[in-house]
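Trainee: Give me the fold of what follows.
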Amino acid sequence: MSGGGGGSAPAKNSLTVFLHDANDGHTVAGMTEGAMERLGLFDGDTVSIRGKRGRKTMATVAMMPEADASALTTTTTKASSSLSSSGDDDDGGTYRGSIGMTKDAMKNAGVRAGDAVTVSPAPDVKFGKAALILPYKDSLDEAGVDMSEDADELFATYLKPYFDGKFRTLHRGDSFHVDGPRGLIEFQCLEIDTTETDGDSACVVVEDTLIECEGDAIDRDDVDDLADAGYDAIGGASQHLAAVRELVELPLRHPELWTNLGINTPRGVLLTGPSGCGKTAMARAVAAETGAYFFVINGPEVISKRAGESETNLRRAFEDAEANAADYNGAIIFIDEIDSIAPRRDKAGGEVEKRIVSQLLTLMDGLKPSSRVIVIAASNRPGVIEPALRRPGRFDRELDMGIPDEQGRLEILQIKTRDMRLGQDVDLQILARGSHGFVGADLQQLCMEAALQCIREKMGVIDFDKDRVDKKVLDSILVEMKHFEHAMGVVHPSSLRENAVEVPDVHWEDVGGLEDVKRELHETVQYPVEHADKYIKFGMHPSKGVLFYGPPGCGKTLLAKAIANECGANFISIKGPELLTQWFGESEANVRELFDKARAASPCILMFDEIDSIAKTRGSGGPGSSEAGDRVINQILTEIDGVGARKNVFVIGATNRPDIIDPAVIRPGRLDQLIYIPLPDLESRISIFKAALRKAPVDPSIDIEVLARSTHGFSGADITEICTSASKLAIREAILAEEDRLKKVKAGEIEEDEGKMCPEDMIITKRHFNFAMSKARRSVSEQNLALFDEFADKQKAVRGEAATNFKFPDSTDGGSEGNEEDDLGGDLYE
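Mentor: So this is what the prediction gives:
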């Protein structure tokens, strides 16, 4: 609702809307006897209904039982239905301060269920002499109707039965749906002549009223587009919405507040944030709620190849807004993708862009407080916009919409699903919790994918030859939680698609052995996500990252994927060389952009595989050869240190060359957890064999422990290769046996059904493993292992003996362990 009331009770004629699908059409409003008595109405009276932004419609009152009104109010109104309670204590329930309206009537009044409308008796509405009613073009296209050929049919089968003998009320501008032989078609009333006045605003359609349906089908205008764009259509941006209302709505509605204080009203607001976060929706919502004239400038449309025409187009937009501001409640100029027409002048590609920027600066400076025009601009690249535009007096405030948090995502999902038919098992809270990094557009896509999956399941019962789907089938279609779960696997955060963000499909059971490492990872990564309150309680910041080091093929990357999946975090895998480019400064920019996107999708795990390729000890290369790498390391260190909000971003580095990594990378506060992933021991090798073979048909007589004992010194990748080799041999034999059988069938030696291998025969046997073991080889030599032992010894030496053997002295010793000051030779200042 726009404008906010204080604690005062609403007026007696302010009623709360609930959805009432009346069979008598859009012009019938349901009210209880108590509500009708309160307004002095009788059954069949005509009323005027005024909703948001001064939009009006007319309706005929029909009395409905209080029990029916109460049930409908309970199921369709929002929690904010307290607006419906009046100051009268004898009204006896919410529904006695409510009015039932159809979806068409709500749209005409610009309201939704739960909103308040003002209802007034309208006894002076005249009988209609003529009314021009035409269908919407897109509605005709959906029904397959050609207006030029079927106008008479439309009147005979749609409008005539709808109005004949019904005494319906009509308001100019009303739109309504009529069901007929071609399906639902939406019409709009364009003109009304009454028996006393031509060009009237409302009438009652009687038997003598001439219904005209001749002319071209109509297109929807901007008012129709703004019909669903109120503040209640914005979710997850309450703080930004409050700021926009202060900076835009208040100056438009009450400019005297500013002039009374002797200051100028704000001229502009710049909305920034990733694509799909709701910048355009926010601007449209303000325009819809204020009733202001709304002029949209799409950046590229302004630019023209003719000299001077681009600036002229921009001037015309401002002149048009100022000319219409008086007729509306002010004017809003919305410049979408402003970065395309107002780039930094020192980096602009041509003179046209520079002239457009200069013209825009001049026009914004020329906006007078009395003009009641405010500029709202949107961009997802604010860094490239001309700085002169971003100063106070032009764009007075910049609002970063950002990525919604869990509560914001829940609000958006509630808005996106309020018109959907949902099953009882749908839990929007779970969906909000699992959709890290999603913006409003992503959540809209999530709902669409869920609906598509629901429709796919019903494809078998839909008769495509019929013009319309059977009503029983439509009634049976509900979007359930399983459909949303499928959609969650398909839809990913749009801002991170180029980085292939994913929640990996790898589980702990896919990782054989390494139980101690799993436990440490669980505590380091998963605890901060699942138990953030405990960290706040103890005043502790979670660890920023870990470094996995160990021989190749021991499961470092697999572990990182498994932990990302277990804690439901987004996962971005970066191969070191991908960040490096030949252009000066671009490698560092890639690192910055990567961390920015990870923060946006938090909780997020950044996995730097082969980190030694980009984090070698600085200055270790030849002359000039390592400068780019050094700059990348510096940028990574800066980002890990958290310059700017880090938001639950966890960095995992993996390497098999820890000895060449820059020491600054692995100091405390950065990748401070050094986890050695060793060659698997006996129990771990057994687990790896079981994990690798858990989906394969294996001869029960095969003893996994015997295989594990025979593979001492093998890495996880080596063991997996043994299993793969055995499986390949079994597959080869099965294929050759089937080809041999088909040859015999073709030669007529056996029948077609003879000699087929049964599932029990298609298994991996000891013979296959004997062959695989004969080809097996170790990928990690003793020399390689010595490097890791040397690195571990070096880290232990760095820690120091005092830290390693530290213990608090017992209280009974009275500090007899010695005094550090004595060891250091007394007080420093003596």
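Trainee: R592 contacts I636, correct?
Mentor: No - look at R592 against I636 with C-beta atoms under 8 Å: they stay out of range, at 9.9 Å. Where C-beta positions appear, they are placed from N, C-alpha and C, glycine not excepted.
Trainee: Those two: who's more crowded?
Mentor: Neighbour count, other C-beta atoms under 10 Å: between R592 and I636, I636 has more, with 28 against 15.
Trainee: name the element the more buried one belongs to?
Mentor: Element membership of I636 [criterion: DSSP states H and E] is helix 627-640.
Trainee: Give the next helix or strand downstream of that helix.
Mentor: strand 649-655.
Trainee: Please state the offset of the helix or strand following that next one from the chain centre?
Mentor: Sequence-wise, the next helix or strand downstream of strand 649-655 (DSSP H and E) is strand 673-676. Put simply, strand 673-676 sits 35 Å off its chain's centre (C-alpha atoms, centre = their mean, to the nearest Å).
Trainee: List the contacts of strand 673-676.
Mentor: 517, 520-521, 524, 543, 545-550, 658, 666, 788, 792, 795 (C-beta atoms under 8 Å, 6 or more residues apart in numbering).
Trainee: okay, and for the stretch 701-830 of the chain, where does confidence drop off?
Mentor: Residue ranges of the stretch 701-830 of the chain with pLDDT under 70: 759, 796-806, 810-830.
Trainee: so what's L637 closest to, chain neighbours aside?
Mentor: A664 (5.9 Å; C-beta to C-beta, 6 or more residues apart in numbering).
Trainee: per-residue confidence for the one you found?
Mentor: On the pLDDT scale, A664 is placed at 83.
Trainee: does S727 belong to a helix or a strand, and which?
Mentor: helix 716-747.
Trainee: Closest to F334 out of the contacts of strand 673-676?
Mentor: G545 (42.3 Å; C-beta to C-beta).
Trainee: what's around the closest one, how many residues?
Mentor: 23.
Trainee: distance of the closest residue to it other than its chain neighbours from A692?
Mentor: Using C-beta to C-beta, 6+ apart and skipping residues adjacent in sequence, the residue nearest G545 is V651, 3.5 Å away. Per C-beta to C-beta, to the nearest Å, V651 is found 29 Å from A692.
Trainee: Please identify which of these two sits among more neighbours.
Mentor: V651 (25 against 20).
Trainee: So that one is in contact with L547, correct?
Mentor: No - in this structure V651 lies outside contact range of L547 using C-beta under 8 Å: 9.1 Å.
Trainee: can you list residues touching both of those two?
Mentor: L671.
Trainee: domains for the protein, by residue range?
Mentor: 14-121, 128-220, 226-400, 406-491, 508-676, 683-779 (automatic domain parsing).
Trainee: Look up how far E610 lies from the residue nearest to L637.
Mentor: For A664, the distance to E610 - C-beta to C-beta - is 18 Å.
Trainee: Ok, M420 next?
Mentor: 45 Å.
Trainee: K305 now?
Mentor: For K305, the distance to E610 - C-beta to C-beta - is 49 Å.
Trainee: Of those two, which one has the most company?
Mentor: Under the criterion of other C-beta under 10 Å, the comparison of K305 against E610 puts E610 first, with 19 against 7.
Trainee: can you give me phi and psi for the more buried one?
Mentor: Taking degrees, to the nearest 10, you get phi 50, psi 50 for the backbone angles of E610.
Trainee: thinking it is in contact with A654, fair?
Mentor: Yes - look at E610 against A654 with C-beta under 8 Å: they come within range, at 7.0 Å.
Trainee: quick one: contacts of the strand or helix carrying K160?
Mentor: If you go by DSSP H and E, K160 is part of helix 160-163. Contacts to helix 160-163, defined as C-beta under 8 Å, 6+ apart, come from residues 25, 168, 178, 180, 205, 209, 211.
Trainee: ok now it, how far from the chain's centre?
Mentor: 44 Å.
Trainee: Any buried residues in the helix or strand hosting R433, and which?
Mentor: Assessed by DSSP H and E, R433 sits inside helix 428-434. Residues 428, 431-432 are the ones in helix 428-434 that count as buried (16 or more other C-beta atoms under 10 Å).
Trainee: can you count the residues close to F808?
Mentor: The burial count for F808: 6, using other C-beta under 10 Å.
Trainee: scratch that, E351
Mentor: Residues near E351, counting by other C-beta under 10 Å: 9.
Trainee: repeat for G408
Mentor: 23.
Trainee: which non-adjacent residue is nearest it?
Mentor: Nearest residue to G408, sequence neighbours excluded (C-beta to C-beta, 6+ apart): G236, at 2.6 Å.
Trainee: Need the nearest residue in space to I677, chain neighbours excluded.
Mentor: Distance criterion C-beta to C-beta, 6+ apart; nearest residue to I677, sequence neighbours excluded, is G550 at 3.5 Å.
Trainee: Is it correct that that neighbour is in contact with K556?
Mentor: Yes - if you go by C-beta under 8 Å, G550 and K556 touch, sitting 6.4 Å apart.
Trainee: which neighbours do these two share?
Mentor: With C-beta under 8 Å, 6+ apart as the test, G550 and K556 both reach I677.
Trainee: Between the two, tell me which one has more neighbours.
Mentor: Ranked by neighbour count (other C-beta under 10 Å), G550 and K556 place K556 first, with 26 against 23.
Trainee: these two touch, right, the more buried one and V546?
Mentor: No - K556 is beyond contact range of V546, at 10.3 Å (criterion: C-beta under 8 Å).
Trainee: ok, back up a step: among the contacts of strand 673-676, which ones are buried?
Mentor: For these, buried by 16+ other C-beta under 10 Å: 517, 521, 524, 543, 545-550, 658, 666, 788.
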